[in-house]
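> sequence unavailable; structure follows:
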């Protein structure tokens with residue numbers, strides 16, 4: 001058996017070596033498809049790792065309350081992907097903050113109400129001329145003073161929202177400060193939001209990771225007091241409530257107590273979900289998996305095209321080596337031997353393409369990490385999936401040419417000449 005495999009390998013090597021350019025282009029077709037899949041899986045793994053790290057770094061004593069519905073989880077994720085505001089029917093309210101804060105084991109609690117609003121500010125251009133800088137769709141986060149401690153955020157200058165300062169105060173993210181004011185030191189300046197003036201009292205330090213389980217880009221957000229914004233914006237929707245527990249040991253018990261208290265105040269309305277630990281990142285991870293699956297499906301098209309290229313080249317190879325097939329059958333080779341010979345060659349081509357695609361995919365992932373914060377995610381499962389996929393493609397698209405070669409009549413094959 002080993003001698004037969006060595007013979008098949010030698011014949012495949014000779015055929016590939018004799019047609020190096022053709023074989024390279026065939027392998028390249030497979031490699032491009034595999035590289036695209038590797039890049040997507042690496043990027044997905046990197047984002048999931050960032051989100052998991054953020055959940056862990058935020059603390060194991062965090063409980064998150066979100067609006068929910070009786071709909072299927074997958075349907076909710078699809079709504080999130082296709083809707084600009086998936087919380088129009090949130091039943092969480094500012095009164096819930098007061099209810100939760102009265103529970104004994106709760107250390108602090110903060111709400112998150114995210115809106116996309118127009119914000120403007122007066123600034124001076126390089127020529128000393130005054131003009132109004134406007135951002136039409138700025139991310140405005142309505143919350144309370146406890147938010148910065150719960151999320152462990154830091155300021156580059158100024159202070160965060162406090163109960164002592166005026167209600168119309170705002171804290172601006174690093175990048176949005178540059179876009180709106182042209183500087184990262186706008187403390188004391190004013191911005192206009194919903195027709196009201198807000199005084200900038202602080203600037204968040206630049207965040208390295210722009211992705212998080214809360215779907216907030218801290219660098220491009222404005223933070224204001226929720227109780228004040230609720231007087232300006234009708235039907236303010238609270239999208240999340242973050243609860244910091246006194247102890248991480250009784251999160252399950254505390255979650256149950258929070259759920260019971262909220263049900264009491266909401267007349268048994270259970271249209272909310274409570275998560276802690278690894279459960280916190282599940283909505284973001286679920287959405288990420290759907291997006292990753294869609295992109296992988298698109299990338300698989302190029303892999304199918306590469307497989308068709310393998311089939312095409314193998315059919316050409318079978319036609320060119322018809323006389324050789326006749327000679328081999330004449331000296332005793334069975335149809336099974338011929339089948340394995342050409343199938344072996346197709347598997348080698350696809351495997352070489354898979355290895356090349358794996359290397360190319362991670363090279364692209366490393367290049368992407370230079371311009372983004374997504375470090376390449378190297379995992380044995382990704383390597384196994386891509387190599388198995390490339391071998392499977394070779395098997396599927398190589399079986400027809402191999403069968404065609406195996407079924408050739410030896411007498412007709414011997415008469416064949418190019």
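Looks like it came in fine. Predicted model, so just to flag it, every value in this text is computed and none were measured.
> in stretch 310-326, what's buried?
310, 311, 313, 314, 317, 318, 321, 322, 324, 325, 326 (16 or more other C-beta atoms under 10 Å). Where C-beta positions appear, they are placed from N, C-alpha and C, glycine not excepted.
> list the contacts of that stretch.
Stretch 310-326 is contacted from outside by 15, 19, 22-23, 26, 29-30, 338, 342, 345-346, 349-350, 353, 393-394, 397-398, 400-402, 404-405, 408, 410-418, using C-beta atoms under 8 Å, 6 or more residues apart in numbering.
> narrow these to those that are buried.
Using 16+ other C-beta under 10 Å, the buried ones in the contacts of stretch 310-326 are 15, 19, 22-23, 26, 29-30, 338, 342, 345-346, 349-350, 353, 393-394, 397-398, 401-402, 404-405, 408, 410, 413.
> which SSE is residue 254 in?
helix 251-265 (DSSP states H and E).
> still on that earlier bit, can you flag which of the buried residues of stretch 310-326 belong to helices?
Among these, DSSP state H puts 310, 311, 313, 314, 317, 318, 322, 324, 325, 326 in helices.
> for the stretch 101-250 of the chain, which spans come out with low pLDDT?
The stretch 101-250 of the chain contains residues with pLDDT under 70 at 209-214.
> could I get the full set of strands for it?
Ranges of strands in the stretch 101-250 of the chain, per DSSP state E, counting those that start in this stretch, are 106-124, 130-143, 155-158, 169-172, 190-193, 196-204, 221-225, 240-245.
> the helix holding residue 254 packs against which elements?
Counting contacts by 3 or more C-beta pairs under 8 Å, 6 or more residues apart in numbering; DSSP states H and E, helix 251-265 packs against strand 62-67, helix 94-101, strand 240-245, strand 272-276.
> quick one, that helix and strand 272-276 angle?
If you take axes from the mean of the first three to the mean of the last three C-alpha atoms, to 10 degrees, helix 251-265 sits at 160 degrees to strand 272-276.
> buried stuff in helix 251-265?
Result for helix 251-265 [16+ other C-beta under 10 Å]: buried residues 251, 254, 255, 257, 258, 262.
> likewise stretch 289-304?
292, 295, 296, 299, 300, 302, 303.
> if we can go back for a sec, would you turn the helices and strands packed on helix 251-265 into a markdown table with distance to residue 117 and mean neighbour count?
A markdown table is the format used below for those (distance: least, C-beta to C-beta, whole Å; neighbours: other C-beta atoms under 10 Å):
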| stretch | distance to residue 117 | mean neighbour count |
| --- | --- | --- |
| strand 62-67 | 20 | 22 |
| helix 94-101 | 19 | 17 |
| strand 240-245 | 18 | 23 |
| strand 272-276 | 25 | 19 |
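> nearest to residue 134, of these?
When the helices and strands packed on helix 251-265 are compared by C-beta to C-beta, strand 240-245 sits nearest residue 134, at 28.1 Å.
> that closest one to strand 62-67, inter-axis angle?
Strand 240-245 runs at 150 degrees relative to strand 62-67, counting by the same axes, to 10 degrees.
> ok, back up a step: turn the strands of the stretch 101-250 of the chain into TSV, including distance to residue 365.
Listed next are the strands of the stretch 101-250 of the chain as TSV, based on distance: least, C-beta to C-beta, whole Å:
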stretch	distance to residue 365
strand 106-124	31
strand 130-143	28
strand 155-158	31
strand 169-172	33
strand 190-193	39
strand 196-204	29
strand 221-225	28
strand 240-245	31
